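Novice: build me a model:
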Amino acid sequence: QVQFVESGGGLVQPGGSLRLSCVVSGTTPDYYDIGWFRQAPGGKERQGVSCISSSDGSTYYRDSVKGRFTISRDNAKNTVYLQMNNLKPEDTAVYYCAIYEVCGGRRRNWGQGTQVTVSS
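Specialist: Numbering: from 1, shown residues only. Next comes the predicted model:
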């Protein structure tokens, strides 16, 4: 079983920044990519936000966050980070850390999520 400990969410004003962290532990696949997806209030569709490849460190972002969000990972700590700058109200959502077979592929496991609220 895979466990996730997500942290770093909160309330921030538009234009502000937050840094999300996710520590992964437990029985993980031999190979996996890792990333974040989000779900906005009202049961809106889940959106992939960003992903980082284990094989070569390639990073992927949805268009609306490019240039504002940066994903990184520390393999020694089994931790992935999402630095979010210039946050906008439309970024408000629960953010989930997840592992994937490959970035863009099937989502295998994910955590409980951390709330990010962008509001003045």
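Novice: center of this protein, which residue is that?
Specialist: Here the mean C-alpha position of the chain is nearest to the C-alpha of Trp36 (Cα atoms, centre = their mean), at a distance of 2.4 Å.
Novice: for it, name its beta-bridge partners.
Specialist: Note on Trp36: beta-bridge partners by DSSP bridges are Ser50, Cys97.
Novice: I'd say it and Ile99 touch.
Specialist: No: the pair Trp36 and Ile99 does not pass the contact test of Cβ atoms under 8 Å, sitting 11.0 Å apart. Bear in mind the C-beta positions are built from the backbone N, C-alpha and C, glycine included.
Novice: now do the helix or strand harbouring Val94: distance to the chain's middle.
Specialist: With secondary structure defined by DSSP states H and E, Val94 is part of strand 93-100. Average the C-alpha atoms of strand 93-100, do the same for its chain, and the two points are 5 Å apart (Cα atoms, centre = their mean, to the nearest Å).
Novice: number the residues from 313 up from this point.
Specialist: Shifting the count to begin at 313 puts that one at strand 405-412.
Novice: which other residues reach that strand?
Specialist: Counting by Cβ atoms under 8 Å, 6 or more residues apart in numbering, strand 405-412 makes contact with 314, 316, 318, 321, 332, 334, 336, 340-341, 344-353, 359, 361, 363, 392, 394, 418-428, all of which sit outside it.
Novice: are any of those buried, and which?
Specialist: If you count burial by 16 or more other Cβ atoms under 10 Å, the buried members of the contacts of strand 405-412 come out as 314, 316, 318, 321, 332, 334, 336, 340, 344-350, 361, 363, 392, 394, 421-423, 425-426, 428.
Novice: and the strands in this protein?
Specialist: Using DSSP state E, the strands found in the chain span residues 314-319, 322-324, 330-338, 345-351, 359-364, 371-373, 381-386, 391-396, 405-412, 419-422, 426-430.
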